[in-house]
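> Give me a 3D structure for the following:
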Amino acid sequence: KAKALGIGLDSGAGLLVPQEVSSEFVALLRPKIIAARLGVRVISGVRASPFKIPKQTGGATFSWVGEGKTITGSQGGVGMLQFSPRKAAGFVAISNEMLDLGDGVEDMVRDDLLQAIARGIDLAIFRGTGSEFQPLGVSGTPNVGAYAMGANGAAPDYDKLNEMVHVPEENDIDLDEGQVGFAFNTKVKRKILGLKDSGGRPLFYSDGVGAGAALSRNSLFMGHPWAVTNQLPSNLVKGSSGAVCSEMFFGKWSDVIQVIWNSLAFMATNQAGSAFETDQTWIKATMLTDVGMRHPKAIVYVGDVLTA
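Residues are numbered from 1 along each chain as shown. Prediction:
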């Protein structure tokens, strides 16, 4: 039986049919960036290193006294919130053939570097280790607000969520001013949306409709904005829980400060290192930044939300 020519195989006349590559590019799926959306305060254009912000550590005291009696004196205290430049950096090597023949390759690489660094900084604001080269994030800040779901972690319920959101105010943080909100991952969001009242009705609604507090993109959750990113882990361990705990943050994000010494800077070279002999162009991106908190108790950190 004779075989018909077709475009599926090169040997079957497929080479005679030209291929076309779309100018549209399918980007890599990445977790969301949420710190700026929550209201983290940014101070940019800083030149000094270290950069210091005066901070009141003690205040005046008050007492009732009788006529002619000595008033008890008091002395306020002042400390310094200090920031030092930490370098966020990325690097990509590209063959010069790709640069010459590819459509928009350099722009794609620059955008990819920008996204990678932005996500790295976003994660550091929440979970930076404070190591030699990395900022110290909210979760590791000494005296940050904390709430424990249980000895071995626990799934969220309305009572626990209600207790958690009151922790900052119990530490005299004014939640009526500044940018206040929640941060959690998709697994925590799913658990919250699964909560039901005694009649089996959802406590929170994903479509913003119903008697419960809405949890749609532009709505408020328990009276406050919220943001979701899967950069926050879901494999933490608490007691005997196994690696099934997630993180959750709530509080006054305008008390979290990101200091920027220089905006994101790109540099390209085909001369450095082995780039010349391998006919490549190297593109790097750098940014100097650090993170700190005006009042650590402004944020409550939860690291044991069961989301299995």
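> for the stretch 51-200 of the chain, what spans make up the helices?
Counting by DSSP state H, counting those that start in this stretch, the stretch 51-200 of the chain has helices at residues 96-101, 105-127, 158-165, 167-170, 186-193.
> To Ala298, which of these lies closest?
Distance to Ala298, taken as CB to CB, is lowest for helix 167-170 among these, at 5.9 Å. For every residue, glycine as well, the C-beta is placed using N, CA and C.
> I'd say Val144 and Arg127 touch.
No. Using CB atoms under 8 Å, Val144 is not in contact with Arg127, being 11.8 Å away.
> any common contacting residues for these two?
Overlap of the contact sets of Val144 and Arg127 (by CB atoms under 8 Å, 6 or more residues apart in numbering) consists of Val138.
> now the helices of the stretch 51-200 of the chain as CSV including mean pLDDT?
Converted to CSV, the helices of the stretch 51-200 of the chain look like this (pLDDT from 0 to 100):
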stretch, mean pLDDT
helix 96-101, 88
helix 105-127, 94
helix 158-165, 95
helix 167-170, 96
helix 186-193, 94
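> can you put those in TSV and add distance to Met222 and mean neighbour count?
Output for the helices of the stretch 51-200 of the chain, formatted as TSV (distance: least, CB to CB, whole Å; neighbours: other CB atoms under 10 Å):
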stretch	distance to Met222	mean neighbour count
helix 96-101	50	12
helix 105-127	20	18
helix 158-165	6	16
helix 167-170	13	16
helix 186-193	10	19
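> Which among those helices is found nearest to Ala275?
It's helix 96-101; of the helices of the stretch 51-200 of the chain, that one is closest to Ala275 (CB to CB) at 9.1 Å.
> roughly how far out does that closest one sit from the chain middle?
35 Å (CA atoms, centre = their mean, to the nearest Å).
> Contacts for it next, please.
Taking CB under 8 Å, 6+ apart as the rule, helix 96-101 contacts Val105, Glu106, Asn270, Asp279, Gln280, Thr281.
> how about the nearest residue to the second one, chain neighbours excluded?
Using CB to CB, 6 or more residues apart in numbering and skipping the chain neighbours, the partner closest in space to Glu106 is Leu99 (6.1 Å).
> Please name the residues that touch the most centrally placed residue in the chain.
With distances taken as CA atoms, centre = their mean, the residue of the chain nearest its centroid is Asp122 (3.7 Å). In this structure, Asp122 makes contact with Ile33, Ile34, Ala35, Ala36, Thr229, Gln231, judged by CB under 8 Å, 6+ apart.
> quick one, strands of the stretch 101-250 of the chain?
All strands of the stretch 101-250 of the chain, identified by DSSP state E, counting those that start in this stretch, fall at 145-146, 180-184, 204-205, 213-214, 226-228, 245-252.
> And the contacts of the fifth one?
Contacts of strand 226-228 from elsewhere in the structure, counted by CB under 8 Å, 6+ apart, are 32, 34, 37-38, 181-186, 189, 215, 220.
> burial count for the closest residue in space to Gly128 that isn't next to it in sequence?
Leaving aside its chain neighbours, Gly128 sits nearest to Gly137 (3.5 Å; criterion: CB to CB, 6+ apart). Look at Gly137: counted by other CB atoms under 10 Å, it has 21 neighbours.
> how far away is Gly137 from Arg294?
As judged by CB to CB, to the nearest Å, Gly137 and Arg294 stand 15 Å apart.
> I'd like the distance between the residue nearest to the centre of the chain and Ile34.
Per CB to CB, Asp122 is found 7 Å from Ile34.
> and what of Ser241?
Ser241 is 25 Å from Ile34, by CB to CB.
> Neighbour count for these two, which is higher?
Per other CB under 10 Å, whichever of Ser241 and Ile34 has more neighbours is Ile34, with 22 against 18.
> Tell me the bridge partners for the closest residue in space to that one that isn't next to it in sequence.
Closest residue to Ile34 apart from its sequence neighbours, by CB to CB, 6+ apart: Ala227 at 3.8 Å. Judged by DSSP bridges, the bridge partners of Ala227 are Ala183.
> I'd like the distance between Ala227 and Lys160.
With CB to CB as the criterion, Ala227 and Lys160 are 20 Å apart.
> One more: Ala60?
Using CB to CB, Ala60 is found at 38 Å from Lys160.
> do Gly303 as well
As judged by CB to CB, Gly303 and Lys160 stand 14 Å apart.
> same check, this time on Val138
Val138 is 20 Å from Lys160, where distance means CB to CB.
> Would you double-check that Thr289 falls in a strand?
Yes. Residue assignment for Thr289, taken from DSSP: H, G, I helix; E, B strand; the rest coil, places it within a strand.
> how many other residues sit next to it?
Considering only other CB under 10 Å, Thr289 is surrounded by 24 other residues.
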